[in-house]
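K.L.:
Task: produce atomic coordinates for the following.
(one chain, ligands or ions: 1)
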Amino acid sequence: MSDPIPSTTTEAIRLQLRSWPEVEAYLEHQKGVIVPLGSTEQHGPTGAIGTDALTAEAVALEVGRRSGVLVTPAQAFGMAEHHLGFAGTISLQPSTLLAVLHDVVLSLARHGFERIYVINGHGGNIATARAAFAQAHATAASRGLANAGRLRFKLANWFTAGPVMRTAQALYGEREGHHATPSEIALTLHLEPSLVAKQRPLPEPAPAGPIHGPEDFRRRHPDGRMGSDPFLASPAHGARFLDEAATALAADLEGFLGEEASTAD
Ligand code: NI
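P.N.:
Residues are numbered from 1 along each chain as shown. Below you'll find the model as predicted:
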């Protein structure tokens, strides 16, 4: 169903820069689309609030460029309730994010997209995104969408791609931590050179622990970090993470686009 399009330019695969006839023509030979999913939340005392959205979008655009698959605008607001104790965080409640993702994927499905690949930059989105996919399958069937039986949704977390995790372990060991990690900060330093000026040595971080509400999170993790040392990050590391994430996810996307559709429809 999906002949891979040769590697192209970032402009060519941005949905925002396409016209509707171009999208219609695209759908004649390709049913795949990439949706970047981020979060707008604190990333420690030196990390950018937009880290998870910037990284998800950059990985998505690079995967799109390499595969020729269209990339939608990023969903930059995610489920970040536990980070609301820190200024600048903007969170969607799980039920809100579920509704947003449900409506996004069903809009795409209505036009004929059948393989919707969500590239995610934030662990807090995972449970809700999966719930949204389940809800969207149910809605597609109940609305009688012609392609309901052929719809496939997949969540791909760039930060858990095998090569990315191995490189983070090799570069940072335990100091990778669990939030405001040097790997994600490195990618932002590569993407936005102005962020390098924020980098400074930080005291020992609070260790990772259970996640409850925003007040408890701030009490346990006073500067927002969970066991991480983002000062270890560099722009060169970030370029490497981008390449490794894009390589891994482009291969995963190719498999996803080639999967057999259900025979039940
Ligand atoms: Ni993050």
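K.L.:
residues in the stretch 101-250 of the chain within reach of the ion, list them.
P.N.:
Glu184 (CB under 5 Å from the ion). All C-beta spots, glycine's among them, are computed from the backbone N, C-alpha and C.
K.L.:
hey, where'd the strands end up in the stretch 101-250 of the chain?
P.N.:
115-120, 152-157 (DSSP state E, counting those that start in this stretch).
K.L.:
Would you mark the buried spots in the last one?
P.N.:
Okay, so that is strand 152-157. By 16 or more other CB atoms under 10 Å, the buried positions in strand 152-157 come out as 152-157.
K.L.:
Put together CSV for the residues you listed, with pLDDT on each row.
P.N.:
What follows is the buried residues of strand 152-157, written out as CSV (pLDDT from 0 to 100):
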residue, pLDDT
Arg152, 98
Phe153, 98
Lys154, 98
Leu155, 98
Ala156, 98
Asn157, 98
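K.L.:
Out of those, which comes closest to Tyr117?
P.N.:
The closest of those to Tyr117 turns out to be Lys154 (CB to CB; 5.2 Å).
K.L.:
Show me what the closest one is bridged to.
P.N.:
Tyr117 (DSSP bridges).
K.L.:
how close does it get to Arg200?
P.N.:
Per CB to CB, to the nearest Å, Lys154 is found 38 Å from Arg200.
K.L.:
got a list of what the residue of the chain found nearest the ion touches?
P.N.:
Per CB to the ion, the residue of the chain with the smallest distance to the ion is Asp52, at 4.2 Å. The contact partners of Asp52, taken as CB atoms under 8 Å, 6 or more residues apart in numbering, are 38-41, 43, 78, 121-122, 184.
K.L.:
out of those residues, who's nearest Thr128?
P.N.:
Gly78 (8.2 Å).
K.L.:
dump the residue contacts of that closest one.
P.N.:
Counted by CB under 8 Å, 6+ apart, Gly78 has contacts 37-41, 52-53, 91-92, 97, 122, 124-125.
K.L.:
7 Å instead, please
P.N.:
Each residue near Gly78 by CB atoms under 7 Å, 6 or more residues apart in numbering is listed here: 37-39, 52, 92, 97, 122, 124-125.
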